[in-house]
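**Q** Kindly generate the corresponding structure for this input.
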Amino acid sequence: MSDRMISHADVTRLLGPIDDHKVAAILAMGAGIADLERAAAYLALESDVMGALEKPLSGRAGLIYDLVCRDESEADGDR
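**A** Alright, predicted model coming up:
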């Protein structure tokens, strides 16, 4: 099964409305749809990240997650 490359529409569909610079950074990572879906699941707390398996998020999915979380925490600090 091929992990197709993602588009701007994929990013906003799975992560919601985010700034274009964030989308561009995610697209520049060369992530595939599976990476984006995995990161979106962690962001939505739909993964077993804190459960018995404690699966760490790594690779491009981890980079996407970190980018989105870092930007959200920086925005929270600006309030």
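**Q** Over to stretch 25-37 now: how far is its first residue from its last?
**A** Start to finish, the residues bounding stretch 25-37 are 16 Å apart (Cα to Cα, to the nearest Å).
**Q** what's the answer for stretch 8-26, then?
**A** Start-to-end, stretch 8-26 (Cα to Cα) is 9 Å.
**Q** for it, what is the average pLDDT?
**A** Per-residue pLDDT over stretch 8-26 has a mean of 94.
**Q** Check stretch 30-43 too.
**A** Per-residue scores along stretch 30-43 average to 92.
**Q** Would you mind listing the buried residues in it?
**A** For stretch 30-43, the neighbour count (16 or more other Cβ atoms under 10 Å) marks 31-32, 34-43 as buried. Heads up, the C-betas are built off the backbone N, CA and C, glycines and all.
**Q** which pair in the residues you listed spans the largest distance?
**A** The most widely separated members of the buried residues of stretch 30-43, counting by Cβ to Cβ, are Gly32 and Leu43 (16.9 Å).
**Q** just the strands in the chain please.
**A** In the chain, no strands are found when defined by DSSP state E.
**Q** ok so, going back, narrow the buried residues of stretch 30-43 to those in helices?
**A** The helices, defined by DSSP state H, take in 34-43 from the buried residues of stretch 30-43.
**Q** Could you report the distance from Leu27 to Val68?
**A** From Leu27 across to Val68, the span is 14 Å (Cβ to Cβ, to the nearest Å).
**Q** In terms of neighbours, single out the busier of those two.
**A** Val68 (21 against 16; other Cβ atoms under 10 Å).
**Q** doesn't Ala40 make contact with that one?
**A** No - under the criterion of Cβ atoms under 8 Å, Val68 is not in contact with Ala40, lying 9.1 Å apart.
**Q** Pull up the overlap in contacts between these two.
**A** Counting by Cβ atoms under 8 Å, 6 or more residues apart in numbering, the common neighbours of Val68 and Ala40 are Leu15.
**Q** For stretch 11-25, list every residue counted as buried.
**A** Buried-residue list, stretch 11-25, by 16+ other Cβ under 10 Å: 11, 14-15, 18, 22-23, 25.
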